[in-house]
Every structure is written in structure tokens, then in C-alpha cells.
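Engineer: Predicted model and sequence follow; I will ask about them next.
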There are 2 protein chains.
Amino acid sequence: MSLVDTAVHRSEAPPESGWSAVFPVETAHAASMRGEHAVVLATRHAGERHVTLRYELQGTRGAPVVFVAGGISAHRHLATNAADASAGWLEGLVAGGRTLDPAQVRLLSFDFVGADGMLDAPIDTGDQADAIAALLDALGIACLHAFVGYSYGALVGLQFAARHGDRLQRLVAISGAHRAHPYAAAWRALQRQTVALGQLQCAEIQGLSLARQFAMLSYRTPEEFAARFDAPSEVVNGRVRVAAEDYLDAAGARYVAHTPVTAWLRLSESIDLHRVDPHDIEVPTTVVAVEGDRIVPLSDAVTLLEGLGPNGQLRVLRSPYGHDAFLKETDRIDALLAAALRAPTSGEPA
Amino acid sequence: MSLVDTAVHRSEAPPESGWSAVFPVETAHAASMRGEHAVVLATRHAGERHVTLRYELQGTRGAPVVFVAGGISAHRHLATNAADASAGWLEGLVAGGRTLDPAQVRLLSFDFVGADGMLDAPIDTGDQADAIAALLDALGIACLHAFVGYSYGALVGLQFAARHGDRLQRLVAISGAHRAHPYAAAWRALQRQTVALGQLQCAEIQGLSLARQFAMLSYRTPEEFAARFDAPSEVVNGRVRVAAEDYLDAAGARYVAHTPVTAWLRLSESIDLHRVDPHDIEVPTTVVAVEGDRIVPLSDAVTLLEGLGPNGQLRVLRSPYGHDAFLKETDRIDALLAAALRAPTSGEPA
């Protein structure tokens, strides 16, 4: 295994070198780094594969390490930091004063295996969990204080807890359960077929854009659409155009601009290969479900909880944002994270 | 206007001619006919259009006439009758002993305008209602005892009540409301784009098949899929295949075999052009909503009811079949129809 850190110089430079003059004081005691690490991963469906693990680590040195993983479109850059000043995908929850405050915890994240589009083979959530274990080895991290996983990240977190439970003190699994629900799986399968329809004729980008738009419907709720798009349909050039169509079009176009088709296909498949026996999880686990989530129904969260037994607890949110509530209901999610991450577990001081 | 009846000879032949010897006694007093009728329809978005209205009429001569209309894939053939012995799409509800018993009522139905794929222009539910009024003129039917509409047929029924209320004594609108819900409209718009993606490259049949499969997900519920397709996904030829995929594939293939692409596109659009002001409806109306319907949410049925004021009443079903409950929960629907159709309205004897 080789460890190839990039951008380490600047972000890991000590405050003495003028670092604190460039960055605000409240982040001066935090260290951020991005790196990548080549490993051979024994995948569960496609044999041994050479993959590159790209990670980002931010927050106070020596603080408890929290691994954070999001949906299949998420990546290693959670929030603005010294290694990358651009906005991250979890800006609302990774910030001073939040539970995931880089001054209090050290946040580790990575690009999912396959997210670079270089691995055109079936990947599953167990592979992702094994890749994270390899990353921890490389970084010399014996044990995570917590794994916070949302959506696909929750599936990976459940796998990590089942397969590498000795390296994890607590899991927060948000909007993800022990299996892909059959209805949601069917929805995703049709999205993949939309891409395949486009690929028939070199229109795979249009196919992916359309697939993404179908996926967005599964992430959101009728309540939100009713509030935002309550205008009559119009006839434009002899065709009917509905009120949400411009919004969805634009969202699809933005998505395809930064998503390799192969990455999307393989990560979408990976959700549908997901299955964990909750009885294999002995790590204290907080399951967070959103009532109204159209792809991870509350009923599956309840089944997961039953399987977890005394290791599990369930928190239910009601939100017009459905599956996307984690990204929208930041205050409520932050409060849930505070309760979950600050609770002592056996083996830790209270 | 010209009236072109087909298959009238055999089905309209009087019992004296040996008819009762060929068909079971219980249908001998009923007369069935199929016909077609060419009209010029003043459409609301595409000017005057020559269209052919294809209807079927079955049941006892002189009995009260009930117009029955279903989803965009439904057609004039409701049930086996003397004019067409093949099974119809509403066999479970049009039968002896049911509320829609051909021995008790005379059932009228038609192929929706555009269903033959010959009208490539925007059609809306108001056009369909006007076409039905023209059909009643041609058949010499002054007034309908009832209009029973399900899904798209409910939208057409609401338009008929608003535009031709003097020709209707009561309406039963099942799984349809006064508007296309913005979320459902977005879902349909993406289905139409799936067809367009296929049409890019002469793969419109694959596009329609896939669009139909997406539509099926909107008609059904996660509960039904969980019960039917609770098997793990599999890797087949390097690709992930989910449990429901064979079922959906087969359903899509069956659908495209009898659905012209243009018909589907224009009728799908027609749903999204639908909008009725409930205050324009003065006909006694029973609204039937299904809790769990993913494209016609209960909230819209409630809004419709509020607009109907004293003319409206609401019945709510809970069913794992969602939008398709009308076709599956035949006993419960029949009971609702019995209550709605047998209740006296002002101007009728009790």
C-alpha cells in the first residue's frame, strides 16, 4: 500500500509558519489534509481490484475521529477547510457550534469506491466498508469515535459496523436501512435502464440527466412539489410542459456535468446489492428515519431496529423534504447527532 | 355528423330471431352494440379536429344510462357482451349482481379521443367531455343517470359535470381530482421525456415500454412491491438485476404491443392539462380517494370536496394497490358504487 498525500504541505503547515494569519483564528488549531491511497480491494462480486481511496481529514489533531459518508453523489469534501476552501456538500452541519465542529472532532471522509468512474464492475456496500477499513489502516486510525452515514453512507455505515465493528464505537444511520427496499430498487433499476436507453445511441448524457431527474422525484415529496410548482401546465410548441420541468431539467444538467456515467451506474447498483443482517451489528446504533421518505420507508427502519435489539434506537423525523431531509433539516439533524455522538458507550468514560 | 354502427345486426337482433338460443338467458334481455361516430370537435388547444368516437353500449334497453370511463389505457370494451365476447377491462365490476349489472343499467363507454394515435395535438379533459356530449347527441341520450370515472375517467367526468351538468344526474369520481398534482405531473413529464429519448434514435418503443414501467411504479405502492418482490438483487452478466425487473419488463412489453406511442403521449399530456374549478360543478358528486395513492394524493381529494360544497361527499379507501385500487378492490368499489348510484338526487323519485 502506498500513501500519496496531496496538498498536505499547505494544510498541515503549523500555525507558526503564518498559517493563522491567512485563516480565521477559530480554524487555526485545526489541521486539514486531502490525500489518496492506492489499495488492492478484494471486492465481493468482481475479484481483486486496484482502487484509489481519496480522502479528506479535517479538524483538531488528536480529537475523536468521526467518519462521515453521504449519498452516492456526495464526496470527500464535507466543508470549507484549509486544504480546500470551496464549499462542501455538508456545509450546514460541519461548522463551528455544530456537533460536527472541526474544533471538537476530527472528520474523515472519502470518495466512494467507483465514484471516479474508473471501476466498471459491480461494487457493493460491503466493499465500501472494507475500503474504509483499509483507509483507517493507512492513516493509523485504530478506532472511530463514530460513523455518521446518510443515505448510501448509512448503508456503508451499517456494513462497516457489521464487518469491522471492533473499529467503531457508535453508528448513526440516517435515511438508510439493512436492505434496499424492493420498490425503491425497482425505481433505481428503471433509472439505470434510462441510461441504457440513452447509451443505445450515444445519448448517455441525456439518459443520465433524465435518470437523475427521476431519482430526484424519489428523494423529494409531493408536499414540497405542491408548494413550489403550483402553476398550470402550458402548451409550448405543441407540447405540454409542466411547472416543475424547467427546475428538473436544470438539476439534471448540473448533475451530469460532474458525474461520470459509469460511476453513477455502479453506485446505483451498489445500493440494490445492499443487504446486512442487523443481528451482525453489535455497535450502538442510532437509526434516523424520515416519515415520508419515499425510498427508505419507515417500516424498514423499524425492522432494522428490531434486528438491532438493545444496540439500537430509532429517531423519526417528519419533513416535507423526504429522503433529502438530512441535507435540509440541519438544526434538527444536528440535535440528533449531538445526542447520538455525545452519549457514552460501554468502554468509554461517561 | 354521421352515425356508423358496426356489429349492430347481430347484437341488436331481437330475441325472436334465435338470439336467446345462442346467448345465455340472463343476457337475452340486454342489448349490446358497438359503433362509431365521426364528429368535428372544437378542441381547446388545437382548433377544430375531425375525430371518430368509438363507443360500446351494453345492458338493458330503456334502463338508466351510466357512462363509464377508466384510465388512459382503458377503452370502450368494459366487459364480455353480445357485441364482443372477449374479456373487458372492467370485468370484475360489470357483471350480474354488481351495481353495474347490465341487467339493471345500460352502460355506455368510449375510446378516449386520441386513443387511436391519429390525433397528434394537445388534447385535454374538457375536449373529452365535449366529445362525450356529442356522442350522447348522436345516440339520442338526453341525460345520464350517472358518470362513473376512474383515474383519467374521473378527470373527464369532472369536466363533463362542469361543462354539461344539465345532462348528468350524479358523478362518481374515483382516484382523480380537480387538477393534476404538481408532483405527479413532473413524474409524467419525465415519462414523456423517456419516450422522447427513445425517439431520438428510432427506439421509441423501448422508450414507451420504459415510460410505462415508471408509470406503473406511480400506480402501485411500496407495500405491494415489498410483499411481491422480496428477493435479493442478483448480478447477471456483470449487471445488477433487481427482483421486480422481470415483472416490469414483461408489463412494459405487453403495454407497447397495443398502445400507439402518439396516443400515450397525448393522453399523458392531457392529464397534465387538466384543471377544473370545483365551484363550476353542481351535480351531486361522490369523490373516492385511496389513501396511499401516489399520484392523486388524498389532500387533493379533500380540496376538491371543499370546492364542491354541499354537492360533494368523500369516501376514502385504504389499499395496498394505491392508484390501481379501483381495478383490484372490486368488492369495496362495488359497495361504494351501489351507495352512490342508488341514492336519489333532486328531480328523481326516491
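Structural biologist: Great, that's in hand. Residues are numbered from 1 along each chain as shown, chains lettered A, B, ... in the order given.
Engineer: Return the residues of the stretch 201-350 of chain A in contact with chain B.
Structural biologist: A:201, A:203, A:206-207, A:210, A:213-214, A:217, A:220-222, A:225-226, A:228-230, A:232-233, A:235, A:238-245, A:248, A:269-270, A:272-273, A:275, A:294, A:297, A:299 (CB under 8 Å from any CB of the partner chain). Heads up, the C-betas are built off the backbone N, CA and C, glycines and all.
Engineer: In strands only, show me these.
Structural biologist: A:235, A:239, A:240, A:241 (DSSP state E).
Engineer: what's the closest of those residues to residue A:105?
Structural biologist: residue A:241 (47.1 Å; CB to CB).
Engineer: Look at that closest one and report its pLDDT.
Structural biologist: For residue A:241, the pLDDT comes out at 97.
Engineer: That one - how many residues pack around it?
Structural biologist: 18 (other CB atoms under 10 Å in any protein chain shown).
Engineer: Could you do the one 10 residues further on as well?
Structural biologist: The local packing count at residue A:251 equals 15, with neighbours defined by other CB under 10 Å.
Engineer: for the helix or strand where it lies, packing partners?
Structural biologist: For residue A:251, the element it lies in under DSSP states H and E is helix A:245-257. Under the contact criterion of 3 or more CB pairs under 8 Å, 6 or more residues apart in numbering or on different chains; DSSP states H and E, helix A:245-257 touches helix A:204-219, helix B:182-199.
Engineer: So among the ones in strands among the residues of the stretch 201-350 of chain A next to chain B, which ones count as buried?
Structural biologist: A:235, A:240, A:241 (16 or more other CB atoms under 10 Å in any protein chain shown).
Engineer: Among those residues, which one sits closest to chain B?
Structural biologist: Chain B lies nearest to residue A:240 out of those, by CB to the nearest CB, at 3.8 Å.
Engineer: Nearest to residue B:38, out of the helices and strands packed on helix A:245-257?
Structural biologist: With CB to CB as the measure, helix B:182-199 is the member of the helices and strands packed on helix A:245-257 nearest residue B:38 (28.7 Å).
Engineer: Just the CA coordinates for the closest one, please, in PDB.
Structural biologist: Presented in PDB, the C-alpha positions along helix B:182-199 are these (Å, rounded to 0.1, in the frame of the first residue of the first chain):
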ATOM      1  CA  PRO B 182     -47.600  19.000  -9.500                       C
ATOM      2  CA  TYR B 183     -45.500  16.100  -8.300                       C
ATOM      3  CA  ALA B 184     -47.500  13.600 -10.400                       C
ATOM      4  CA  ALA B 185     -47.300  16.000 -13.300                       C
ATOM      5  CA  ALA B 186     -43.500  16.000 -13.000                       C
ATOM      6  CA  TRP B 187     -43.400  12.200 -12.900                       C
ATOM      7  CA  ARG B 188     -45.500  12.000 -16.100                       C
ATOM      8  CA  ALA B 189     -43.400  14.700 -17.800                       C
ATOM      9  CA  LEU B 190     -40.300  12.600 -17.200                       C
ATOM     10  CA  GLN B 191     -42.100   9.600 -18.600                       C
ATOM     11  CA  ARG B 192     -42.800  11.600 -21.800                       C
ATOM     12  CA  GLN B 193     -39.100  12.600 -21.900                       C
ATOM     13  CA  THR B 194     -38.200   8.900 -21.700                       C
ATOM     14  CA  VAL B 195     -40.200   8.300 -24.900                       C
ATOM     15  CA  ALA B 196     -38.500  11.400 -26.400                       C
ATOM     16  CA  LEU B 197     -35.100  10.000 -25.500                       C
ATOM     17  CA  GLY B 198     -36.100   6.800 -27.400                       C
ATOM     18  CA  GLN B 199     -37.400   8.700 -30.300                       C
END
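Engineer: pLDDT of it, averaged?
Structural biologist: Taken as a whole, helix B:182-199 has a mean pLDDT of 96.
Engineer: so it versus helix A:204-219, what angle?
Structural biologist: 160 degrees (axes from the mean of the first three to the mean of the last three CA atoms, to 10 degrees).
Engineer: so does helix B:182-199 get close to chain A?
Structural biologist: Yes - applying CB under 8 Å from any CB, one finds helix B:182-199 touching chain A at B:182-190, B:192-194, B:197-198.
Engineer: and of those, the nearest to residue A:101?
Structural biologist: For those, the nearest to residue A:101 is residue B:183 (36.6 Å; CB to CB).
Engineer: mind checking how far the closest one is from residue A:136?
Structural biologist: 42 Å (CB to CB, to the nearest Å).
Engineer: These two: which has the busier surroundings?
Structural biologist: More crowded of residue B:183 and residue A:136, by other CB under 10 Å: residue B:183, with 24 against 21.
Engineer: Show me where the stretch 51-200 of chain A has its strands.
Structural biologist: Taking DSSP state E, counting those that start in this stretch as the criterion, the stretch 51-200 of chain A carries its strands at A:65-69, A:106-110, A:146-150, A:171-174.
Engineer: Tell me the buried residues in the helix holding residue A:251?
Structural biologist: Within helix A:245-257, judged by 16+ other CB under 10 Å, the buried ones are A:245, A:248, A:249, A:252, A:255, A:256.
Engineer: list the contacts for the fifth one?
Structural biologist: Which is residue A:255. A:73, A:208, A:209, A:212 (CB atoms under 8 Å, 6 or more residues apart in numbering or on different chains).
Engineer: closest point of the stretch 251-350 of chain A to chain B, which residue?
Structural biologist: Counting by CB to the nearest CB, the stretch 251-350 of chain A gets nearest to chain B through residue A:269 (3.8 Å).
Engineer: so who does that residue touch?
Structural biologist: By CB under 8 Å, 6+ apart, the neighbours of residue A:269 are A:122, A:123, A:192, B:233, B:239, B:240.
Engineer: which among those residues gets closest to residue A:113?
Structural biologist: After measuring these against residue A:113 - CB to CB - the closest member comes out as residue A:123, at 5.8 Å.
Engineer: what's the span of stretch A:58-65 from first residue to last?
Structural biologist: Distance across stretch A:58-65, first residue to last, is 10 Å (CA to CA, to the nearest Å).
Engineer: Tell me the gap between that stretch and the middle of its chain.
Structural biologist: In terms of CA atoms, centre = their mean, to the nearest Å, the centre of stretch A:58-65 is found 20 Å from the chain centre.
Engineer: picking up where we left off before, drop anything exposed from the residues of helix B:182-199 next to chain A.
Structural biologist: Here, 16+ other CB under 10 Å leaves B:182-190, B:192-194, B:197-198 buried among the residues of helix B:182-199 next to chain A.
Engineer: The one helix or strand residue A:34 maps to vs strand A:106-110, what angle?
Structural biologist: Element membership for residue A:34 (DSSP H and E) is strand A:30-43. Strand A:30-43 and strand A:106-110 meet at an angle of 40 degrees, taking the same axes, to 10 degrees as the criterion.
Engineer: Next, the buried residues of strand A:30-43.
Structural biologist: A:30, A:31, A:32, A:33, A:34, A:35, A:36, A:37, A:39, A:41, A:43.
Engineer: With adjacent residues omitted, what lies nearest to the second one?
Structural biologist: This means residue A:31. Spatial nearest neighbour of residue A:31, excluding adjacent residues (CB to CB, 6 or more residues apart in numbering or on different chains): residue A:61 at 5.2 Å.
Engineer: Give me the neighbour count for the one you found.
Structural biologist: Neighbours of residue A:61 under the rule other CB under 10 Å: 10.
Engineer: In contact with residue A:242, which residues?
Structural biologist: Per CB under 8 Å, 6+ apart, neighbours of residue A:242: A:229, A:233, B:180, B:182, B:185, B:186, B:188, B:189, B:272.
Engineer: quick one: it from residue B:268, how far?
Structural biologist: With distances taken as CB to CB, residue A:242 is found 11 Å from residue B:268.
Engineer: Now do the shared contacts for the two.
Structural biologist: residue B:188.
Engineer: Could you identify the most distant pair in the contacts of residue A:255?
Structural biologist: Longest span within the contacts of residue A:255, CB to CB: A:73 and A:209, 13.4 Å.
Engineer: more neighbours, those two?
Structural biologist: Taking neighbours as other CB under 10 Å, residue A:73 and residue A:209 compare with residue A:209 leading, 26 against 18.
Engineer: correct me, but that one touches residue A:254?
Structural biologist: No - Residue A:209 is not in contact with residue A:254 according to CB atoms under 8 Å; the separation is 9.2 Å.
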